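Student: Need coordinates for the below:
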Amino acid sequence: MSDAKPLNFAAFVMNTTSHILHGAWRAPEARQTDFNSLTHWIELAKTLEQARFDFIFFADVVGLYDDYQGDWKKFVDSGLQIPSNDPLVLASALASHTEHLGIAITSSILQEHPFDFARKISTLDHATGGRVAWNIVTSLSSNAWRNFGCDAITAHDDRYAWAEEYVDVVYKLWEGSWDDGALIQDKESGIHADFDRVHKIHHVGAHYRVEGPHLVAPSPQRTPVLFQAGSSPTGRRFAARNAEAQFIVSPNPAAAQALTADTRRLAAEAGRDPSDIQFFQGLSFVIGSTEEEAKRKARELDDYIDPSTIIAHSAGGLGFDLGFYDLDTPIGEIKTQGTQSTLLWLREAVPDREPTVRDLAELRSRSGRVVGTPEQIADRLEQWRDAGVDGINVINATIPDSYVDFAEHVLPVLRDRGLAKRDYEPGTARFKLSGRDRLPESHPAAQYRGAFAEVAAAHAAP
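Tutor: Down below sits the predicted model:
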């Protein structure tokens, strides 16, 4: 048994029918079409907790991907993340049926004003006993930006500058507006909270003016566990400054090792402990009692996979319509303000030449898929861990079977090898992940602890 730390595991899901492995929802055993059912999600959450998963990780979008072959018909026809329901609405119900499972919610800087978002997350963190995580995204589709009143998508680097202000606002509210011990609730004196320890934040920036105070007293974690998924140079710098966990989709362990090492280097440059960031690699699994059975099941899965929908999804994230491009068109000839992570992923997967549209289609349909026996899958996961990966974001082909099979067949082998935990630690989601309930002092949010007493006095002065 290895002395190295066990991997963490998250279930990568979305409150929709067709999330990543498009077309797999047509398999007879698939229940993704039950996504409108609360019972469907509660049952999955219970399954994940019984298997000792760390998080149920909800992806989300607030708009359609960019057109495919000239319009958005493809997305509706194939169910490509439409209809798509708000995952935040599910969180309280899932928490009420679980005790330890972390609940990670994707929310864009576009979709909610930071004051209202901070209030909802703090309320949810109270309600869950400190089990909330936030996946910070900047929204990569033009339709999403138009849905919120913008003429077009903001340039890639400008979106991250916007995100930096957004997180600063919520950090001020979560970490600085209420001092520890401010909530007294003394029935004898009638004093409910200490006025001198509750502060307005008086934020004025390029995008937001927020006076405060935060309307929610500090929750168990104050700030939720912070996830981020950008792998572009700008996204990596943002993660290095802010993230506690980064979701990556590296094409192989060597590429993951390079990415994680560089991000940890950037974290150190930002004044953080490089070990304060953990990396979750996205992988899907086809499991068989023999290698031949696993390969047969993979072929059966491919019969349901819809490659054209996978192209539409990937291209939509890039910000251009691949439906009109020849398959041999080099990706580098197509300029985009969309996500840069996919371009980086393609170049890592095809390192010896310029990748093409054909490469995107073929690689995306099987990217991150591990096929084999439980023992072979454990061997592969050990390679990912040795490359610097801390956790696995398990991508489903079908719900719930992808997670049931992984729990029943792979996790026991992983536990025997010290690659997976046998039980939960007590405490908050952050404590389970890092051994602490609150953000460390080296995190930029910590600068706002106790920072607003003088600001409040200045605003109160005549």
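Student: hang on, isn't Trp162 packed against Ile109?
Tutor: Yes. The pair Trp162 and Ile109 passes the contact test of CB atoms under 8 Å, sitting 5.8 Å apart. In this view, the C-beta of every residue, glycine as well, is placed from N, C-alpha and C.
Student: Return the alpha-carbon coordinates of the helix or strand hosting Ala163 using PDB.
Tutor: If you go by DSSP states H and E, Ala163 is part of helix 156-171. What follows is helix 156-171 as a C-alpha-only set of coordinates in PDB (Å, rounded to 0.1, in the frame of the first residue of the first chain):
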ATOM      1  CA  HIS A 156     -11.400  36.500 -22.600                       C
ATOM      2  CA  ASP A 157      -8.900  38.400 -20.400                       C
ATOM      3  CA  ASP A 158     -11.400  41.200 -19.700                       C
ATOM      4  CA  ARG A 159     -13.800  38.500 -18.300                       C
ATOM      5  CA  TYR A 160     -11.200  37.400 -15.800                       C
ATOM      6  CA  ALA A 161     -10.600  41.000 -14.800                       C
ATOM      7  CA  TRP A 162     -14.300  41.300 -14.200                       C
ATOM      8  CA  ALA A 163     -14.200  38.000 -12.200                       C
ATOM      9  CA  GLU A 164     -11.400  39.400 -10.000                       C
ATOM     10  CA  GLU A 165     -13.600  42.300  -8.900                       C
ATOM     11  CA  TYR A 166     -16.600  39.900  -8.500                       C
ATOM     12  CA  VAL A 167     -14.600  37.600  -6.100                       C
ATOM     13  CA  ASP A 168     -13.200  40.600  -4.200                       C
ATOM     14  CA  VAL A 169     -16.800  41.800  -3.500                       C
ATOM     15  CA  VAL A 170     -17.900  38.500  -2.200                       C
ATOM     16  CA  TYR A 171     -14.700  38.000  -0.200                       C
END
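Student: Just the endpoints, please. Distance across stretch 151-159?
Tutor: With CA to CA, to the nearest Å as the measure, the ends of stretch 151-159 fall 14 Å from one another.
Student: Begin at 53, not 1, for the rest of this chat.
Tutor: Yes, from this point I'll number from 53; that puts the last item at stretch 203-211.
Student: got the buried residues for that stretch?
Tutor: By neighbour count with 16 or more other CB atoms under 10 Å, stretch 203-211 contains the buried residues 205-206, 208, 211.
Student: Count the residues that sit near the residue nearest to Asn67 when sequence neighbours are not counted.
Tutor: Leaving aside its sequence neighbours, Asn67 sits nearest to Asn137 (CB to CB, 6 or more residues apart in numbering; 4.1 Å). Using other CB atoms under 10 Å, Asn137 has 15 neighbouring residues.
Student: For Asn137, give me its contacts.
Tutor: Residues in contact with Asn137 (CB atoms under 8 Å, 6 or more residues apart in numbering) are 67-68, 87-88.
Student: can you pull out the helices in the stretch 353-502 of the chain?
Tutor: Taking DSSP state H, counting those that start in this stretch as the criterion, the stretch 353-502 of the chain contains helices spanning 359-370, 393-401, 409-418, 426-438, 453-457, 463-468, 481-486.
Student: can those helices go into CSV with extra columns for mean pLDDT and mean neighbour count?
Tutor: Listed next are the helices of the stretch 353-502 of the chain as CSV, based on pLDDT from 0 to 100; neighbours: other CB atoms under 10 Å:
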stretch, mean pLDDT, mean neighbour count
helix 359-370, 79, 22
helix 393-401, 67, 21
helix 409-418, 70, 19
helix 426-438, 98, 18
helix 453-457, 98, 19
helix 463-468, 98, 17
helix 481-486, 97, 22
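Student: Could you check the angle the helix or strand encompassing Glu352 makes with helix 426-438?
Tutor: Using DSSP H and E, Glu352 sits within helix 343-356. Here the directions of helix 343-356 and helix 426-438 differ by 80 degrees (axes from the mean of the first three to the mean of the last three CA atoms, to 10 degrees).
Student: What lies in contact with helix 343-356?
Tutor: Applying CB under 8 Å, 6+ apart, the contact partners of helix 343-356 are 73, 75-76, 78-79, 338-340, 417, 421, 423-425, 428, 449.
Student: now swap in stretch 217-225 and tell me
Tutor: Stretch 217-225 has contacts (CB under 8 Å, 6+ apart) with 161, 166-167, 169-170, 173-174, 188, 253, 255, 257-260, 262, 264-266, 275, 294, 496-497, 500, 503-504.
Student: Which of those fall within helices?
Tutor: 166-167, 169-170, 173-174, 294 (DSSP state H).
Student: Of those residues, which is the nearest to Trp124?
Tutor: Taking CB to CB as the measure, Trp124 lies nearest Phe169 of the ones in helices among the contacts of stretch 217-225, at 27.5 Å.
Student: quick one: contacts for that closest one?
Tutor: Contact analysis of Phe169 by CB under 8 Å, 6+ apart lists 159, 222.
Student: ok so, going back, closest to Gly154 out of the helices of the stretch 353-502 of the chain?
Tutor: It is, among the helices of the stretch 353-502 of the chain and with distance given as CB to CB, helix 481-486, at 3.8 Å.
Student: how far out from the middle of the chain is that closest one?
Tutor: A distance of 16 Å separates the centroid of the chain from that of helix 481-486, by CA atoms, centre = their mean, to the nearest Å.
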